[in-house]
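J.: Fold the following, please.
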Amino acid sequence: MHYIVLVALLSACFLAVVQPQYYSFSPSVGSGSGSSYVLSGEGRITAVRVWEANNNYIYGFQFKYGALWSSVVGIKSGIPQEIELYEDEAIVQISGKYAHYVQSVVFTTNRGRTLQVGQPSGRSFNMYPINSKAELIIISGRYSGGITSIGAHWAVVNQPSNWAGLA
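T.: Model prediction:
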């Protein structure tokens with residue numbers, strides 16, 4: 001219940017800042033057991049780190065917003081896989097596989113680059129914004145030993161003048 005209230009409050013805060021036609025939410029996938037998390041920051045996401053240990057499921061996430069790294073959600077276990085985004089590059093899709101845990105995740109950018117981490121087994125998921133000009137701004141979900149669910153929030157952060165040429 002607290003998780004639903006938290007997501008509703010976050011959504012309301014972002015709708016107050018961003019234009020509603022550019023905001024959308026991709027509902028969480030996974031078993032959803034454990035503690036809730038929200039990974040957010042100010043500005044655009046400029047890098048992503050994902051932890052997966054021993055060729056297993058996803059253990060943790062960290063985003064860099066502008067020049068600042070967020071806190072880690074989940075667990076730092078194993079060697080993180082990372083993608084640093086180019087200027088005017090944004091995450092426009094999250095896909096992967098899940099069972100009890102999120103087994104694998106693929107972050108895809110508007111330039112077609114990907115960060116693929118984890119073992120592709122389980123049920124498939126695919127998340128993307130409703131509006132083609134929006135990008136990933138927040139992930140939320142639950143974790144217990146590893147990431148048990150993931151959902152995505154999409155909006156227009158700051159639209160560069162050449163965005164249309166990148167989409």
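J.: Could you use CA atoms for every contact and neighbour count after this?
T.: Noted.
J.: any residues touching stretch 44-55, and which ones?
T.: Here stretch 44-55 makes contact (CA atoms under 8 Å, 6 or more residues apart in numbering) with 58-67, 75-87, 89-91, 117-119, 136-137, 157-158.
J.: give me that answer again for 6 Å
T.: With CA atoms under 6 Å, 6 or more residues apart in numbering as the test, stretch 44-55 has contacts from 58-66, 77-78, 80-85.
J.: Show only the entries of those found in strands.
T.: Among these, the ones falling in strands (DSSP state E) are 58-65, 81-84.
J.: separation between the residue nearest the centre of the chain and residue 79?
T.: Centroid-nearest residue in the chain, with CA atoms, centre = their mean: residue 139, separated by 4.1 Å. For residue 139, the distance to residue 79 equals 21 Å [CA to CA, to the nearest Å].
J.: now swap in residue 100 and tell me
T.: Note on residue 100: its distance to residue 79, by CA to CA, is 22 Å.
J.: okay, the two: which has more neighbours?
T.: Between residue 100 and residue 79, residue 100 has the larger neighbour count (other CA atoms under 10 Å), namely 16 against 12.
J.: Verify the stated contact: that one with residue 31.
T.: Yes. If you go by CA atoms under 6 Å, residue 100 and residue 31 touch, sitting 5.0 Å apart.
J.: do you know how far the residue nearest to the centre of the chain is from residue 60?
T.: Separation of residue 139 from residue 60 (CA to CA) stands at 12 Å.
J.: Tell me, what's the model's pLDDT at residue 21?
T.: In this prediction, residue 21 carries a pLDDT score of 70.
J.: count of neighbours near the closest residue to it other than its chain neighbours?
T.: Closest residue in space to residue 21, ignoring its immediate chain neighbours: residue 131 at 7.4 Å, by CA to CA, 6 or more residues apart in numbering. Other residues near residue 131 come to 14 when the count uses other CA under 10 Å.
J.: what does residue 52 give?
T.: 25.
J.: all helices for this structure, in order.
T.: For the chain, applying DSSP state H gives helices covering 2-17, 163-166.
J.: about what we covered before: what's the overlap in contacts for residue 139 and residue 60?
T.: Counting by CA under 6 Å, 6+ apart, nothing touches both residue 139 and residue 60.
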